[in-house]
Structures are given as structure tokens and as C-alpha cells.
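Asks: this is a predicted model, with the sequence first.
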Amino acid sequence: MGPRPADAAQPLIQLVMFPLFFISGVWVPISQLPDWLRAIASIFPVEHVADLVHRSFVGTVGLGPVLTDIGCLILWTVVGARVAATRFGWMPSRKG
């Protein structure tokens, strides 16, 4: 009996999240990254979460940047929920 898919989830998540943390300003200031890498980071939700956490500590002027971050997170939530609703099943599939 081989490893269960749940056992492989943790390393796979780390494989994806480590580069996202790096390019999203979590470990390295995003201002030190090239423009093309910042553009890629802005697509993913990690940068927006990091921005919201940062803004909660230092404050922000206006709601524009905050609403943009929240809007991106809502969009990722809707897309993720849609994918989960179509891919998730309560009963394991029978292969064999």
C-alpha cells in the first residue's frame, strides 16, 4: 500500500507556497523584486493578504488599496469554492 494522497499534501503545498511567499513581499520587500515578478505576485492572493496585514499595522490612506486587496481575495474565494464544488466528492471513487 503506497502513501495516501493526504500524506503528499503537505510537501506539495510547501512546494507551491514557498515561491509565493518569496515573491509576495512576505520575506523579501516587494520593492526589491523586478517588475515582471511583482506583476506575477499581484495575481495570487498571498500578496494581498500580506498587504492587508501590513496595512493593519502601519495604517493606510484611503480605502482604494484595501478594497483592491479584499476584492482579489473574494475573487479567489469564489473561484476556489467553485472548483471545490465541482471536484470534491463525499464518497471515494471506486477504481479498479
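Replies: Arrived safely. Residues are numbered from 1 along each chain as shown.

Asks: quick one: low-confidence ranges for the chain?
Replies: 1-4, 60-61, 92-93, 95-96 (pLDDT under 70).

Asks: so which residues of the protein form strands?
Replies: For the chain, no strands are identified by DSSP state E.

Asks: could you point out the longest helix of it?
Replies: helix 64-87 (DSSP state H).

Asks: next, count neighbours for residue 24.
Replies: For residue 24, the count of nearby residues is 25 (other C-beta atoms under 10 Å). Where C-beta positions appear, they are placed from N, C-alpha and C, glycine not excepted.

Asks: can you report phi and psi for it?
Replies: The phi and psi values for residue 24, taken as degrees, to the nearest 10, are phi -100, psi 10.

Asks: what does residue 26 give?
Replies: The phi/psi pair for residue 26 (degrees, to the nearest 10) is phi -80, psi -50.

Asks: tell me what the longest helix of the chain is packed against?
Replies: helix 45-58 (3 or more C-beta pairs under 8 Å, 6 or more residues apart in numbering; DSSP states H and E).

Asks: tell me the gap between the longest helix of the chain and the middle of its chain.
Replies: 10 Å (C-alpha atoms, centre = their mean, to the nearest Å).

Asks: and the contacts of it?
Replies: With C-beta atoms under 8 Å, 6 or more residues apart in numbering as the test, helix 64-87 has contacts from 45, 48, 49, 51, 52, 55, 60.

Asks: distance-wise, check residue 5 relative to residue 78.
Replies: 25 Å (C-beta to C-beta, to the nearest Å).

Asks: and the longest helix of the chain with helix 45-58, angle?
Replies: 140 degrees (axes from the mean of the first three to the mean of the last three C-alpha atoms, to 10 degrees).

Asks: check which residues of helix 64-87 are buried.
Replies: Neighbour counts using 16 or more other C-beta atoms under 10 Å place 69, 72, 76 of helix 64-87 among the buried residues.

Asks: how far away is residue 67 from residue 52?
Replies: Separation of residue 67 from residue 52 (C-beta to C-beta) stands at 11 Å.

Asks: so how do I select the buried members of the contacts of helix 64-87 in ChimeraX?
Replies: Buried subset of the contacts of helix 64-87, written as a ChimeraX selection, criterion 16+ other C-beta under 10 Å:
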select :45,48,49,51,52
